[in-house]
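*Asks:* what's the 3D shape of this:
(2 chains)
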Amino acid sequence: KNEVEQSPQNLTAQEGEFITINCSYSVGISALHWLQQHPGGGIVSLFMLSSGKKKHGRLIATINIQEKHSSLHITASHPRDSAVYICAVRGGNEKLTFGTGTRL
Amino acid sequence: EPEVTQTPSHQVTQMGQEVILRCVPISNHLYFYWYRQILGQKVEFLVSFYNNEISEKSEIFDDQFSVERPDGSNFTLKIRSTKLEDSAMYFCASKEVLRTQYFGPGTRLLVL
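*Replies:* Residues are numbered from 1 along each chain as shown, chains lettered A, B, ... in the order given. Next comes the predicted model:
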C-alpha cells in the first residue's frame, strides 16, 4: 500500500512569492499527478509525470523517482492560485492513491 | 474544451434508499473512474472501469456499490442502500490511454 505524504498542510503566501509544495510516497509508481481542488470542490488535473520535469505557465512539477519525491512550484503566486493542491500516485494498476492536500 | 459532466450536483436521500449518480465522460475516453471525498478528508479511489468491466476496485467498493455503462455515453454509480457514512462528494473521471484523468465537477451526496 502506497503512503502519500504532502507538506506543508497549509501555506500562506504573499502575491508574487515563489511557492513549493512537496510530495513523497513510499512505494514505486508508474505516474504521479498534481491536482488542484477549487473551493467549490471541483478537481483539475495540473500535471501527470513519471520522470523529470514539466512546466505549464507559472507552474512547474518535478519528480525524483529514486528519492520517491515530487515538488510542485508556483512562480509569482497570485490570489487566484488559492486552492488545495493534491498529489496522487498510480502504481502498476489503475488505482490512484491521494495525499491529504496542501491548502494554499 | 470537452469536459466530464455529472448529475445531479447535489442529492439528499434517506438512509436505506438507493441512489444513482450519473456521469458523462469525455466521448473518446476509454477508462472511467469513481472517487469519493468525505468532507474534510482526502480523495479515495472507488473503482475503475474499462472495456465494459470493472478493472480495479477498492475495499470501500463493497456489494452495496455497482457501476454501469448502460448506453455507451453514461457511466453510473449506484449505491443500493445508503448509509450515513456514504455522505460525501463523488467524483467521476475519464481518460484516454496513457493520458491524464479529467475529473467531473462532483455530486455532493447527503444521507439523512
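
*Asks:* the residue nearest to the spatial centre of chain B in helix, strand or coil?
*Replies:* Centroid-nearest residue in chain B, with C-alpha atoms, centre = their mean: B:Trp34, separated by 3.4 Å. Secondary structure assignment for B:Trp34 (DSSP: H, G, I helix; E, B strand; the rest coil): strand.

*Asks:* excluding sequence neighbours, find me the nearest residue to it.
*Replies:* Distances taken as C-beta to C-beta, 6 or more residues apart in numbering or on different chains put B:Leu46 closest to B:Trp34, at 4.3 Å, once the chain neighbours are dropped. Backbone N, C-alpha and C define where each C-beta goes, glycine included.

*Asks:* wait, isn't that neighbour in contact with B:Phe65?
*Replies:* Yes - here B:Leu46 lies in contact with B:Phe65, judged by C-beta atoms under 8 Å, at a distance of 6.9 Å.

*Asks:* more neighbours: which of the two?
*Replies:* Of the pair B:Leu46 and B:Phe65, B:Leu46 is the one with more neighbours under other C-beta atoms under 10 Å in any protein chain shown, namely 23 against 18.

*Asks:* the residue nearest to B:Trp34 sits in which helix or strand?
*Replies:* Secondary structure assigned from DSSP states H and E places B:Leu46 in strand B:44-50.

*Asks:* centre of the chain to that strand, how far?
*Replies:* Here the centre of mass of C-alpha atoms in strand B:44-50, compared against the chain's by C-alpha atoms, centre = their mean, to the nearest Å, lies 8 Å away.

*Asks:* before we move on, the earlier item: contact partners for the residue nearest to the centre of chain B?
*Replies:* For B:Trp34, the contacting residues are B:Leu21, B:Cys23, B:Leu46, B:Val47, B:Val67, B:Leu77, B:Tyr90, B:Phe91, B:Cys92, B:Ala93, taking C-beta atoms under 8 Å, 6 or more residues apart in numbering or on different chains as the criterion.

*Asks:* of those, closest to chain A?
*Replies:* The closest of the contacts of B:Trp34 to chain A turns out to be B:Phe91 (C-beta to the nearest C-beta; 6.2 Å).

*Asks:* count of neighbours near the closest one?
*Replies:* 26.

*Asks:* find the nearest non-adjacent residue to it, please.
*Replies:* In this structure, B:Phe91 finds its nearest non-sequential neighbour in B:Tyr35, 4.5 Å apart by C-beta to C-beta, 6+ apart.

*Asks:* list the contacts for the one you found?
*Replies:* Neighbouring residues of B:Tyr35 by C-beta under 8 Å, 6+ apart: A:Leu96, B:Val43, B:Glu44, B:Phe45, B:Leu46, B:Tyr90, B:Phe91, B:Cys92, B:Ala93, B:Phe103.

*Asks:* if you set the cut-off to 6 Å instead, what comes out?
*Replies:* Applying C-beta atoms under 6 Å, 6 or more residues apart in numbering or on different chains, one finds that B:Tyr35 lies in contact with B:Val43, B:Phe45, B:Leu46, B:Phe91.
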